[in-house]
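**Q** Here is a sequence together with a model predicted from it:
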Protein chains: 2
Amino acid sequence: MTRKALPPLAPGTVDRSRALPLWRQVQTELERDIVAGAISAGERFPTEAELSERFSVHRHTVRRAIESLRERNLIRVEHGHGIFVRERTVPHALTAEGRLSTTIRQLSQNNDRKILGTDKVQADPAVSRALQIRSRTLVRRVDMLGGINGAPATVSSMYFPLPRFIGIERHIEESGSITGSFAKLGVEKYQRKETRVSARLPTKAEADLLDQPRTLPVMTIWSLDIDSDGKPVAYSQSCISTRWIELVVRF
Amino acid sequence: MTRKALPPLAPGTVDRSRALPLWRQVQTELERDIVAGAISAGERFPTEAELSERFSVHRHTVRRAIESLRERNLIRVEHGHGIFVRERTVPHALTAEGRLSTTIRQLSQNNDRKILGTDKVQADPAVSRALQIRSRTLVRRVDMLGGINGAPATVSSMYFPLPRFIGIERHIEESGSITGSFAKLGVEKYQRKETRVSARLPTKAEADLLDQPRTLPVMTIWSLDIDSDGKPVAYSQSCISTRWIELVVRF
DNA sequence: GATAATTTGTGCGTATGTATG
DNA sequence: ACATACATACGCACAAATTAT
């Protein structure tokens, strides 16, 4: 892994007179490097040892500074791998109409969606409650992988009630559009009713799909879509990489 | 660590005729145990080895079932520690008026807030941008620990612009109420303008405060509060345990 | 602080049944 | 009938995180 060398240290950058804690001086200096673009987004930071050398401070002092940057989401620390400047995340606004794909299409250069697979399955308790159907009724499940700027960013499973949406998986595969597929099956308008957000570590499969370490948390979103009559039309569970996306709620 | 023994296995629970994959049979059985309350929320699961013994299947087969339960947030797996049934999380609605403390007070038996400390600090770039003040202006920072049902659930830092809110930390310490403290300083009404959500692993300090393992992600929330004139009155960063709280957006 | 025991995480190898062409 | 690919299941070994001694 190549690593960009930081600019040489200006004399007097570290002031040992105890006017300011050493770690805070290191933090300020590193922050300056980040915002100045001396290390660009996604790129690798010097190791703790190198930084400790550069600032002539103890490794623990560097760690304290690093921790402070991490708390503020400026960098990302991967256990046993390295320290990385965080990629600029795309803010996804949670609104009744907003589709994740739409947001991403607007805010990023590129957006793509790939169907990972589809299956007819029995609704588990959570799905059946959300879709207001009896437990173990058959539903259509479609698994998708969403990308942003060429990088995989979301893994989601959508559940559609049957028999109302028989064949919707073929429409989605052909057009790639959920809205379009709904329209073909007679749903002109639909909107989000509720979204629940939590976070967890990804499963191995999810981490592989998202091309990220297992130690980087993903946000999980459960959301329910309803048609204009208030009838549930889709329940989806998405797993969203915190590497590329942050959620925004505006009031 | 005491552990509740699962009820003995009814004969014929595992069907090796390949009508259904073994791991799915195990998953169904464990799910039944959870919803039936054979193991209650927060309690420890049998280990992989014990489950493997109980069902007479390979450990990998158990792991496959466990993973499926984990994806659906029914259980929580802690590396090197054990498997636990997830606690019932309190849904916190993100709205313009909703304070986290209010939600929790409504939905849980108990809610408490403790001031961890307070300090006058220079605004870093993010804070100064949010509060619309010049960088390095002094602001009042108040660190708080929020609890729910006696368990620590949130760690947050609020930043108040100075000199407008001089002494607000004393009001907060005395009354424990943000709204009340604002009122005493002439802010009758204030509301949330924007909330940004992401997730990461907690720092050691945060994990200690929240009494949770470092491998359980926390959600991070940055939010900006404004008064009725639209002037920023507080910028806060909260770190929320995914163990007790999930976020909800309703439309 | 060092060590060991416990428990989960990961990887590779092997075998078998099922679906597909 | 055969080759191929895939998911399932088991076996073994070791890495990594946590807890107790």
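**A** Nice, I can see it.
**Q** C-alpha only now, for contacts and for neighbours.
**A** Will do.
**Q** Tell me, how many residues neighbour the nearest residue to residue A:132 once chain neighbours are set aside?
**A** Distances taken as CA to CA, 6 or more residues apart in numbering or on different chains place residue A:232 nearest to residue A:132, at 7.4 Å, with adjacent residues excluded. Neighbourhood size, residue A:232 [other CA atoms under 10 Å in any protein chain shown]: 21.
**Q** for residue A:232, which residues make a bridge with it?
**A** residue A:226 (DSSP bridges).
**Q** Phi and psi next, for residue A:70.
**A** phi -70, psi -40 (degrees, to the nearest 10).
**Q** re earlier: what separation is there between the residue nearest to residue A:132 and DNA strand D?
**A** 29 Å (CA to the nearest atom of the strand, to the nearest Å).
**Q** In contact with that residue, which residues?
**A** A:130-132, A:224-226 (CA atoms under 8 Å, 6 or more residues apart in numbering or on different chains).
**Q** swap the cut-off to 10 Å and go again
**A** Residues near residue A:232 by CA atoms under 10 Å, 6 or more residues apart in numbering or on different chains: A:130-133, A:160-161, A:190-193, A:224-226.
**Q** Can I get the buried ones among those as something I can paste into PyMOL?
**A** Buried subset of the contacts of residue A:232, written as a PyMOL selection, criterion 16 or more other CA atoms under 10 Å in any protein chain shown:
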select buried, chain A and resi 130+131+133+160+161+190+191+192+193+224+225+226
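**Q** Reformat the contacts of residue A:232 into CSV and put pLDDT next to each item.
**A** CSV is the format used below for the contacts of residue A:232 (pLDDT from 0 to 100):
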residue, pLDDT
A:130, 94
A:131, 95
A:132, 95
A:133, 95
A:160, 95
A:161, 95
A:190, 91
A:191, 90
A:192, 90
A:193, 91
A:224, 93
A:225, 93
A:226, 94
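**Q** With respect to DNA strand C, which of the contacts of residue A:232 is nearest?
**A** Using CA to the nearest atom of the strand, residue A:160 is the member of the contacts of residue A:232 that sits closest to DNA strand C, with 22.3 Å.
**Q** So the closest one belongs to a strand, correct?
**A** Yes. Per DSSP: H, G, I helix; E, B strand; the rest coil, residue A:160 lies within a strand segment.
**Q** Quick check, it in contact with residue A:140.
**A** Yes. Counting by CA atoms under 10 Å, residue A:160 touches residue A:140, with 5.1 Å between them.
**Q** any residues in contact with both of those two?
**A** A:120, A:123, A:166, A:168-169, A:234.
**Q** from the residues you listed, which would you call buried?
**A** A:123, A:168-169, A:234.
**Q** for those residues, which one is nearest DNA strand D?
**A** Looking across these and measuring by CA to the nearest atom of the strand, the closest to DNA strand D is residue A:123, at 16.9 Å.
**Q** is residue A:85 in a bridge, and if so with what?
**A** Assessed by DSSP bridges, residue A:85 has beta-bridge partners residue A:75.
**Q** Kindly apply the preceding question to residue A:121 instead.
**A** Beta-bridge partners, per DSSP bridges, of residue A:121: residue A:139.
**Q** so does the lengthiest helix in chain A get close to chain B?
**A** The longest helix of chain A (DSSP state H) is helix A:22-36. Yes. Judged by CA under 10 Å from any CA of the partner chain, helix A:22-36 and chain B are in contact via A:28, A:31, A:35.
**Q** Most neighbours among those residues, which one?
**A** Tallying neighbours with other CA under 10 Å puts residue A:31 at the head of the residues of helix A:22-36 next to chain B, with 18 neighbours.
**Q** quick one: the residue lying closest to residue A:34 once chain neighbours are set aside from DNA strand D, how far?
**A** Nearest residue to residue A:34, sequence neighbours excluded (CA to CA, 6+ apart): residue A:40, at 6.9 Å. Using CA to the nearest atom of the strand, residue A:40 is found at 27 Å from DNA strand D.
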